[in-house]
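> Make a model of this:
(one chain, ligands or ions: 1)
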Amino acid sequence: MEKIYNYIDGRTVAPVNGNELDNVDPATGAVYSQLPDSDAEDLAMAVAAAESARENWAQAPAEERARILNRLADLVDDNADDLALAECVDTGKPLHVAARLDIPRVAANLRFYASAATQFFSESHAMGTSAINYTLREPLGTVGCISPWNLPLYLLTWKIAPALAAGNCVIAKPSEVTPMTAYLFSRLLNQAGVPKGVLNVLHGRGNRIGRLIVDHPGISAISFTGGTATGADIAARTAGMFKKLSLELGGKNPTIVFADADQEKALDGALRAAFSNQGQICLCGSRLLVERSIYEDFRDRFVERARALIVGDPLEPGTDQGAVVSAAHFDKVMAAIGRARNEGGQTLCGGESVKPEGRCANGWFIRPTVIEGLDASCKTNQEEIFGPVVSIMPFDDEDDAVAAANSTRYGLAASLWSQDVSRCHRVAAALQSGLVWVNCWMLRDLRTPMGGFKHSGVGREGGFETLRFFTEAKNVCISI
Ligand code: NAD
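I've put the predicted structure just below:
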């Protein structure tokens, strides 16, 4: 049985308490490795290591930090096949998706922040002839980076890279559901020349080691991506400690298709938005709003395409949809489908599990599911399901579409499809959403800050915004 270790002070180490958790391959249902169930002693060692490394790393020239991050990116490229396979086995997503999307993005994150480290700037303001103000940006010290299971190493490095680039030491906690890629990544750190103690990776349960990281007084900021309920717990726990917080949380994103859209492109976009990564991307469009005059035709074509998606073994190149991430998540998604039926929804396709033949017979697969007949206010259209389930609804006009789109407590992303430029601007401005895609989905410029409105989060990640988050600004005012 393969073992996953923590990475503390430049070494891979077992947890002090010797306790381990099972790591399961969701495509087969089999336990295939074990990971540390880390505790306070492991955290104490990681914080002490970070503390010793902190001054040298903060004072290292930005070019040196950039060189190390670039070397790490090169090592990710060199090990891309192993990382993609680990990502596929940990998450159940198709191997070709891990190889094409996740792992290249890991390297891109590292390179982006290597470059940003050397381009980072601060502000100065002249007050006429009386004074000059300038801002010094200093690293925060030791920061915590906590990430979810859906895009495991992609999202972890989207935090680690800017934190390191800005001169901080990091305690990183990957999801216990998908720990393997972070472990393989940690084994590249020495070779890349990351000084010991600068980046420490602790594995284990969120409600144990995750909470300990959040509560630790020696950790001055928490960058968290995950569920809204967990984000609320972190915000409540840190309220009296005045830690800096960046919270990237859940979504219930609308895809809005107007009658004047290029319908072929809208169909492709809506399908990708609904079912990419088995619907387990925070940015997935789980509510499909279609203008009434084209509703029936668009719906039928959308359902036909959803039915044609091949669900099966993630290692097979022809697979469109792999397994959902775990037994617990499978139960949650299936319960949400049951609830949709109880609310009066009709299942136009899917709605059931799939049992592929062969090695995946005991895996957790769900057929892409389209549900119709529910209004915007029901639970199915209000609560994040985070699986291959989309609810389709007609709307009458722009106001109606915007009202439905804005009717949830979330506000992470929206995708709208129309060829009327003025309408695109109007609707984009009216949507309560941190990100609006027009005639596209999931296009991402890493310079653009991204994050959610309402219960979808606090703070923005991307570009220099994240480097600012990971620094403390000191303003100096000099009288002339
Ligand atoms: P989760 O909140 O259960 O867990 C996320 C991470 O937090 C894991 O590492 C977990 O171990 C840890 N954790 C859990 N409880 C904790 C606690 N009390 N204190 C500290 N850490 C704790 O989320 P998940 O199920 O892993 O991921 C799915 C969720 O993540 C979905 O809601 C999805 O929308 C969201 N997500 C958001 C974004 C975004 O950018 N907004 C991106 C991806 C995923």
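> Pull up the residues of this structure that are close to the ligand.
Counting by C-beta under 6 Å from any ligand atom, the positions of the chain adjacent to the ligand are 146-150, 155, 173, 175-176, 206-207, 210-211, 214, 225-227, 230, 233-234, 248-251, 282, 384, 386, 412, 452, 457. To be clear about C-beta, it is placed using only N, CA and C from the backbone, and glycine gets the same treatment.
> Whichever of those end up buried, select them in PyMOL.
Burial among the residues of the chain next to the ligand is assessed by 16 or more other C-beta atoms under 10 Å; the matching PyMOL selection reads:
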select buried, resi 146+147+148+149+150+155+173+175+176+206+210+211+214+225+226+227+230+233+234+248+249+250+251+282+384+386+412+452+457
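> which ones among the residues of the chain next to the ligand are found in helices?
Counting by DSSP state H, the residues of the chain next to the ligand place 155, 211, 214, 230, 233, 234 in helices.
> so who does the fifth one touch?
By C-beta atoms under 8 Å, 6 or more residues apart in numbering, the contact list for residue 233 reads residue 211.
> One more: the last one?
With contact set as C-beta under 8 Å, 6+ apart, residue 234 has these partners: 214, 222, 224, 245, 247.
> Tell me what residue 255 is bridged to.
Residue 255 has the following beta-bridge partners by DSSP bridges: residue 288, residue 415.
> Not counting its neighbours along the chain, what's nearest residue 273?
Spatial nearest neighbour of residue 273, excluding adjacent residues (C-beta to C-beta, 6 or more residues apart in numbering): residue 285 at 3.4 Å.
> So the one you found sits against residue 390, correct?
Yes: contact status for residue 285 versus residue 390: in contact at 7.1 Å, counting by C-beta atoms under 8 Å.
> centroid residue for the protein?
residue 155 (4.9 Å; C-alpha atoms, centre = their mean).
> Tabulate the ones in helices among the residues of the chain next to the ligand (CSV), appending pLDDT.
Formatted as CSV, these follow (pLDDT from 0 to 100):
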residue, pLDDT
155, 98
211, 98
214, 98
230, 98
233, 98
234, 98
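> got the contacts of residue 234 as a markdown table, with distance to residue 142 columns?
Shown next, in a markdown table, are the contacts of residue 234 (distance: C-beta to C-beta, whole Å):
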| residue | distance to residue 142 |
| --- | --- |
| 214 | 13 |
| 222 | 11 |
| 224 | 15 |
| 245 | 15 |
| 247 | 19 |
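> Take the residues you listed and keep only those in strands.
Of the positions in the contacts of residue 234, 222, 224, 245, 247 sit in strands, assigned by DSSP state E.
> The ligand: which of these is nearest?
Among the ones in strands among the contacts of residue 234, residue 224 lies closest to the ligand (C-beta to the nearest ligand atom), at 6.5 Å.
> farthest-separated two in the ones in strands among the contacts of residue 234?
Farthest-apart pair in these is 222 and 247; separation 8.3 Å (C-beta to C-beta).
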